[in-house]
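[1] pasting the structure only:
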Ligand SMILES: Cc1ncc(COP(=O)(O)O)c(C=O)c1O
């Protein structure tokens, strides 16, 4: 049962919700949050797709705890896996050591990921998995059998977002987040990524597919022999505002990467683990990247863990005697943490046991129906969806600030018992995959009411 009375620790008096809110404002510097306008939202408990705050108010979690919760909060199998593992060992260093949970998870990932991906490098957060993928690609060209040390450039997409470390910010293309850091960054080669839902693209065309691929090919020709890798979010660019690529773009990018002998790094941190309707987004276009980056949903959204999974071609370039100095000198203290791995294994087992992907079909249809209705509103536009990732844009009145307007909209939705987080004027609906049809209706009813 949901219980909001969780703010007390055994032996300690319960802290009032007001005090927690005050301390939150005073001491917690929240990510991506303008603290001047921060309204404390303090969660006490959660179950399934519902979260409950310290005052006992209940909300549907329409953002999956920022796109990472998969099977709902407090899933019995994930909870049990964590409890069992904590009774054995909580942490084992991954640097030159291992444990059964890390090994089992790596085996499972090697089995489930597309193609020949079989060497799993564990990290802690999504951005770290991209950082290490960039380094893997760079070092691969330096020390493979026929080295090409001049390959030091990366191609990435317009509107890209891959995290907040300096390497990933270098790849980023969201001015609000990235522009200020420009003097610190390396310069990637950016290609315009097509947007299947861009109203300016004529309906008769392929949503910008042909131009998108032509632009990429041109870059690959112009920079022949200089490019280490293409980095892309497959199918959907999440932080770009759920920018959905036209069908065939991912396959086209992968084919070009092969033709021009450039590595493909697929960032499935946001789209992995069922978000787009398949376990991995790459499956939908039969794409087998050289390095696949995973995060967020890997542990069902429970614990920080991520991974960069590489093919033998990459791995073998790092194989050698000490004297050859081919080791990948990269690592994180908590990489491959056994608690996180135990929960991640349970997360993958639930997909099979509960037929999570099969059960998404009616939910994806219900989201499509409800989104379609939003098109009739005079205040919403550009509804879009890929699997369980959906969004629409607010029509922001002239003179209003988009970010402020987005937050205002979400505050109003919260009054109807739904917790959302906007991206500027884009309102995103990305609930846990375990959400019920009735709960989906609660989300869209709230949106309808506010619109
Ligand atoms: C596509 C993508 N890559 C990387 C990241 C970074 O992940 P993390 O916040 O875990 O570092 C995100 C986060 O939203 C993401 O959407």
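    Here it is on my side, so go on. Bear in mind the structure is a predicted one, so any value in this text is a computation, not a measurement.
[2] Please list all residues in contact with residue 364.
    Under the criterion of C-beta atoms under 8 Å, 6 or more residues apart in numbering, the contact partners of residue 364 comprise 277, 385, 387, 388. The way it works is simple: take the backbone N, C-alpha and C, and place the C-beta from them, glycine included.
[3] right, and the last one touches residue 281 too?
    No: counting by C-beta atoms under 8 Å, residue 281 is not a contact partner of residue 388; they are 11.7 Å apart.
[4] quick one: which of the two has more around it?
    Neighbours were tallied for residue 388 and for residue 281 using other C-beta atoms under 10 Å; the higher tally belongs to residue 281 (28 against 23).
[5] what's the burial count for the residue of the stretch 101-250 of the chain found nearest the ligand?
    For the stretch 101-250 of the chain, the residue closest to the ligand is residue 126, as judged by C-beta to the nearest ligand atom, at 2.2 Å. Residue crowding around residue 126 was assessed by other C-beta under 10 Å; the count is 29.
[6] Residue 180 too?
    The number of residues packed around residue 180, counting by other C-beta under 10 Å, is 10.
[7] now residue 18
    The criterion is other C-beta under 10 Å. On that basis, residue 18 has 11 neighbouring residues.
[8] quick one: which helix or strand includes it?
    Using DSSP states H and E, residue 18 maps to helix 17-27.
[9] Run through the stretch 201-350 of the chain and note the low-pLDDT ranges.
    Segments of the stretch 201-350 of the chain classed as low confidence (criterion: pLDDT under 70) are 201-207.
[10] And the contacts of residue 364, which is closest to residue 80?
    For residue 80, the nearest member of these is residue 388. The distance, counting by C-beta to C-beta, is 25.2 Å.
[11] Farthest-apart pair in the contacts of residue 364, please.
    Checked with C-beta to C-beta, the contacts of residue 364 reach their widest spread between 277 and 385, with 10.0 Å between them.
[12] element containing the nearest residue to residue 112 once chain neighbours are set aside?
    In space, residue 112 comes closest to residue 279 once its chain neighbours are excluded; the distance is 6.3 Å by C-beta to C-beta, 6 or more residues apart in numbering. Secondary-structure element containing residue 279, defined by DSSP H and E: none, the residue being outside all helices and strands.
[13] and this structure, which residues reach the ligand?
    Listed as neighbours of the ligand in the chain under the rule C-beta under 6 Å from any ligand atom: 125-127, 130, 161-163, 233, 238-239, 267, 269-270, 295.
[14] If you rank those by neighbours, which is first?
    residue 267 (34 neighbours).
[15] Sketch out the helices for the stretch 351-451 of the chain, chain order is fine.
    Assigned by DSSP state H, counting those that start in this stretch, the helices in the stretch 351-451 of the chain fall at 356-374, 402-414, 437-450.
[16] So residue 285 is in contact with residue 253, correct?
    No: between residue 285 and residue 253 no contact is recorded; they are 9.2 Å apart, counting by C-beta under 8 Å.
[17] can you list residues touching both of these two?
    Joint contacts of residue 285 and residue 253 (C-beta under 8 Å, 6+ apart) do not exist.
[18] which of the two has more neighbours?
    Ranked by neighbour count (other C-beta under 10 Å), residue 285 and residue 253 place residue 253 first, with 28 against 18.
[19] Doesn't that one belong to a helix?
    Yes: when the secondary structure is assigned by DSSP: H, G, I helix; E, B strand; the rest coil, residue 253 falls within a helix.
[20] Number the chain from 750, please
    Sure, I'll start counting at 750 from here, so that last one is residue 1002.
[21] Roughly how far does it sit from residue 1134?
    The spacing between residue 1002 and residue 1134, counted by C-beta to C-beta, to the nearest Å, is 22 Å.
[22] is residue 799 in a bridge, and if so with what?
    For residue 799, the beta-bridge partners are residue 796, residue 809 (DSSP bridges).
[23] what's the answer for residue 871, then?
    Residues found in beta-bridge contact with residue 871 (criterion: DSSP bridges) are residue 1056.
[24] Can you tell me the number of residues neighbouring it?
    Residue 871 is flanked by 28 other residues according to other C-beta under 10 Å.
[25] Touching, the residue of the stretch 850-999 of the chain closest to the ligand and residue 1044? I think so.
    Yes: taking contacts as C-beta under 8 Å, residue 875 lies within contact range of residue 1044: 3.2 Å.
[26] who touches both of those two?
    1018, 1055.
[27] which residues do residue 1137 and residue 1030 both contact?
    Shared contacts of residue 1137 and residue 1030, counting by C-beta under 8 Å, 6+ apart, come down to residue 1024.
[28] Which segments of this protein make up each domain?
    By the assignment in automatic domain parsing, the chain contains the domains 829-1102, 1104-1199.
[29] for the longest one, how far is the first residue from the last?
    Right, domain 829-1102. Distance between the two ends of domain 829-1102: 15 Å, counting by C-alpha to C-alpha, to the nearest Å.
[30] Also stretch 1004-1018?
    As for stretch 1004-1018, its first-to-last residue distance stands at 22 Å under the measure C-alpha to C-alpha.
[31] Alright, that wraps it up for me.
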